[in-house]
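[1] Below are the sequence and a predicted model for it; my questions follow.
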Amino acid sequence: MLLFSIIAYLALTIAIGYWASRRVKNTGDFMLAGRSLPLFLSSAALFAIWFGSETVFGASSEFLKGGLYSVIEDPFGGALCLILFGLFFARKLYSMKLLTLGDFFEVRYSKRTELIASFFLAPPYVGYIAAQLVAMGLILNIVTGLPVWQGVVLAASVVTFYTFIGGMWAISVTDFFQSIVIIIGLITLAFILSQKAGGVVKVISEVPEGTFRFLPKPEFKEMVLYFSAWSVLGLGSLPSQDVFQRVMSSGSVKVAVRSCFIAAGLYLTIAMLPLFISLCVKHLYPEFSQGDTQLTLPRMVLAHTNIFIQILFFGSLLSAIMSTTSSAILAPAAILSENFIRPLSNDRFTDKQLLLITRLCVLGFATVATVMACLRSNIYELVGESSILSLVSLFAPLAMGLYWKRANSTGAFLAMICGTITWIFFEFADTSWPSLFPATIVSFVAMILGSLWPRKEKQELEIK
């Protein structure tokens, strides 16, 4: 019954994606849903952006190990990103009528900067997509007994298919449907488990001391680590194509801004449910908290709940992960086709041809991520790694390009290169300090110095 329900759910998702694909007529429809999403679809799309494997599996696993303090990165960092984007980025970027975030670097700086930025925008998504595919592989392994790698391939095939045909339209419509399933499934499971455990108050009162510690100790190093945890998603995902494409798909600038705030509230609220559920599981069935804690929730649900709850839970899990995966596949595909292939071809492709190229890029990134997912299994690490590169390379050029008139292509180039080199150096140096912290500082310093450096044209004018 459970297996049949999962198959039926996957088939329904494909059907919805296929129905939505009928709206795709050009690259604007495929990448940004024609910039026409109403508030409820836009908010659902943004809510679903990170509500995937790292929230349900990864964050709940980290929470069981280290309490609230260990999950600052996600969900708190994710919610911070949406709030900051709504406050400082949505209005300015929406008014520029860009197709991808890479277009910003061309309009604000130069074509060369656009090409370089594309290298930093697209690759980080491979690890992020792989994390979601690993999660779906784990689900199918638990439910059906399929080897994880086979589950990964099956899941990748389903998500890639409806992303390939429907683009952002398919993603937005399926996100709305999947968000409803997520909320209903998690609320139902949390309610039932809390009742079995004796109520919310009892569950919370019996947690180990320090579980809900949220603030760092007044020590410099811990403050740096704390700020870095907030920054991974909170700042690192600001210069990301998936956030950009979901916000820019909104029907108006007001919808874009409001959907950011609504999604942040929804995300932070609903993301607390997997954490609470993991506490209930630890209280009721401590044996499931041993071993690989990423599998605590699904194993407990299979062992101690009826078929209706199992269908709801695994339905909500698949919904969360599929909605996240689909946009993560589309994002780098759009960057590669629009900001790398198109400019290198000197714009000789028609819009119809570019649409086909974008779809082929979807297949390419999905294939690479599937291979990575078959080789690695730590979801939380895969997600964290995918956001740091964007932070140390692109955050400074994006933020200063929007708010500093003197920012130029030289500064943007130096910020991307110097930030990345510094990050790589500290990664290989293997210090106890987070490598993203000095790398981000270096990126900003390079951005400022490069933009202030006198140009040759100006020097020649002064000599004359």
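    Perfect, I can see it now. Numbers count the residues shown, from 1 in each chain.
[2] Quick check: the closest residue to Ile341 other than its chain neighbours vs Ile116, distance?
    Excluding the flanking residues, the one nearest Ile341 by Cβ to Cβ, 6 or more residues apart in numbering is Ile357, at 5.9 Å. The way it works is simple: take the backbone N, C-alpha and C, and place the C-beta from them, glycine included. Look at Ile357 and Ile116: by Cβ to Cβ, to the nearest Å, they are 20 Å apart.
[3] Burial check on the residue lying closest to Gly236 once chain neighbours are set aside, number of neighbours?
    Counting by Cβ to Cβ, 6+ apart, Gly236 lies nearest to Leu391, which is 3.4 Å off, once chain neighbours are set aside. Neighbour count for Leu391, taken as other Cβ atoms under 10 Å: 28.
[4] Could you do Val181 as well?
    Residue neighbour count, defined by other Cβ under 10 Å, stands at 19 for Val181.
[5] Now do the contacts for it.
    Counting by Cβ atoms under 8 Å, 6 or more residues apart in numbering, Val181 touches 312, 315-316, 319.
[6] which ones are touching the residue positioned nearest the centre of the chain?
    What sits nearest the mean C-alpha location of the chain, by Cα atoms, centre = their mean, is Trp50, with 4.5 Å. Residues in contact with Trp50 (Cβ under 8 Å, 6+ apart) are 74-75, 78, 233, 237, 267, 324.
[7] Go through the helix or strand where the residue nearest to Ile341 lies and flag the buried ones.
    Element membership for Ile357, per DSSP states H and E: helix 351-375. Across helix 351-375, burial judged by 16 or more other Cβ atoms under 10 Å covers 354-355, 357-359, 361-362, 365-366, 368-370, 372-374.
[8] Does Ser326 touch Ala170 like I think?
    Yes - counting by Cβ atoms under 8 Å, Ser326 does reach Ala170; the two are 7.3 Å apart.
[9] And the two? Which one has more around it.
    Using other Cβ under 10 Å as the criterion, Ser326 and Ala170 rank with Ser326 on top: 33 against 29.
[10] Beyond the helix or strand hosting the more buried one, next helix or strand please.
    Using DSSP H and E, Ser326 sits in helix 307-336. Under the assignment DSSP H and E, the closest C-terminal helix or strand after helix 307-336 is helix 342-344.
[11] coming back round to it: tell me which of the buried residues of helix 351-375 is nearest to Ser432?
    Of all the buried residues of helix 351-375, Met372 has the smallest distance to Ser432: 27.3 Å, by Cβ to Cβ.
[12] Can you tell me how far that closest one is from Ala366?
    On the measure of Cβ to Cβ, Met372 and Ala366 end up 11 Å apart.
[13] gap between the helix holding Ile357 and the chain center?
    In this view, helix 351-375 has its centroid 17 Å away from the chain centroid, taken as Cα atoms, centre = their mean, to the nearest Å.
[14] thinking again about what came up before, look at the residue nearest to the centre of the chain and tell me its secondary structure.
    Recorded secondary structure, Trp50: coil (DSSP: H, G, I helix; E, B strand; the rest coil).
[15] Not counting stretch 420-437 itself, show me its contacts.
    Contacts of stretch 420-437 (Cβ under 8 Å, 6+ apart): 120, 221, 224-225, 227-228, 231-232, 236, 388-389, 391-393, 438-439, 442-443.
[16] What subset of those residues is buried?
    With burial judged by 16+ other Cβ under 10 Å, the buried subset of the contacts of stretch 420-437 is 120, 225, 227-228, 231-232, 236, 388-389, 391-393, 438-439, 442-443.
[17] Which ones among those residues map onto helices?
    Using DSSP state H, the members of those that fall in helices are 120, 225, 227-228, 231-232, 388-389, 391-393, 438-439, 442-443.
[18] Show the contacting residues for Thr174.
    Shown in contact with Thr174 (Cβ under 8 Å, 6+ apart): 13, 16-17, 20, 162, 322-323, 326.
[19] With Leu317 instead?
    By Cβ under 8 Å, 6+ apart, Leu317 lies in contact with 56, 135, 139, 185, 298.
[20] follow-up on the earlier one: make a markdown table from the contacts of Trp50 and add neighbour count to it.
    Converted to a markdown table, the contacts of Trp50 look like this (neighbours: other Cβ atoms under 10 Å):
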| residue | neighbour count |
| --- | --- |
| Asp74 | 28 |
| Pro75 | 24 |
| Gly78 | 28 |
| Leu233 | 31 |
| Ser237 | 29 |
| Tyr267 | 24 |
| Thr324 | 29 |
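[21] can you put these in a markdown table and add pLDDT?
    Converted to a markdown table, the contacts of Trp50 look like this (pLDDT from 0 to 100):
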| residue | pLDDT |
| --- | --- |
| Asp74 | 85 |
| Pro75 | 88 |
| Gly78 | 91 |
| Leu233 | 87 |
| Ser237 | 90 |
| Tyr267 | 92 |
| Thr324 | 80 |
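[22] where does the stretch 151-300 of the chain dip in pLDDT?
    For the stretch 151-300 of the chain, applying pLDDT under 70 flags the ranges 289-294.
[23] For the nearest residue to Arg258 once chain neighbours are set aside, give its distance to Gly401.
    Among residues not flanking Arg258 along the chain, Leu39 sits closest, at 6.2 Å (Cβ to Cβ, 6+ apart). Per Cβ to Cβ, Leu39 is found 28 Å from Gly401.
[24] who has more neighbours, the two?
    Gly401 (25 against 16).
[25] which SS state does that one fall under?
    Assigned by three-state DSSP, the conformation of Gly401 is helix.
[26] Which elements pack onto the helix or strand harbouring Met300?
    Assigning secondary structure by DSSP H and E places Met300 in helix 296-304. Helices and strands touching helix 296-304, by 3 or more Cβ pairs under 8 Å, 6 or more residues apart in numbering; DSSP states H and E, are helix 60-66, helix 124-144, helix 272-284, helix 307-336.
[27] how does it look with 10 Å?
    helix 60-66, helix 124-144, helix 148-196, helix 272-284, helix 307-336 (3 or more Cβ pairs under 10 Å, 6 or more residues apart in numbering; DSSP states H and E).
[28] Give the buried residues for the second one.
    By 16+ other Cβ under 10 Å, the buried positions in helix 124-144 come out as 124-143.
[29] What of the last one?
    Residues of helix 307-336 classed as buried under the neighbour-count rule (16+ other Cβ under 10 Å) are 309-336.
[30] show me what contacts the residue nearest to Ile341?
    The contact partners of Ile357, taken as Cβ atoms under 10 Å, 6 or more residues apart in numbering, are 27, 333, 336-338, 341-342, 345, 349.
[31] neighbours around Val247, how many?
    Residues near Val247, counting by other Cβ under 10 Å: 28.
[32] just Ala303 next, same as before
    Neighbourhood size, Ala303 [other Cβ under 10 Å]: 10.
[33] so how far is Ala131 from it?
    To Ala131, Ala303 is 25 Å away according to Cβ to Cβ.
[34] same deal with Ser228?
    Ser228 sits 19 Å away from Ala131, going by Cβ to Cβ.
[35] Next, give phi and psi for Pro123.
    The phi/psi pair for Pro123 (degrees, to the nearest 10) reads phi -60, psi -40.
[36] Go ahead and confirm it touches Pro332.
    Yes - using Cβ atoms under 10 Å, Pro123 is in contact with Pro332, at 7.3 Å.
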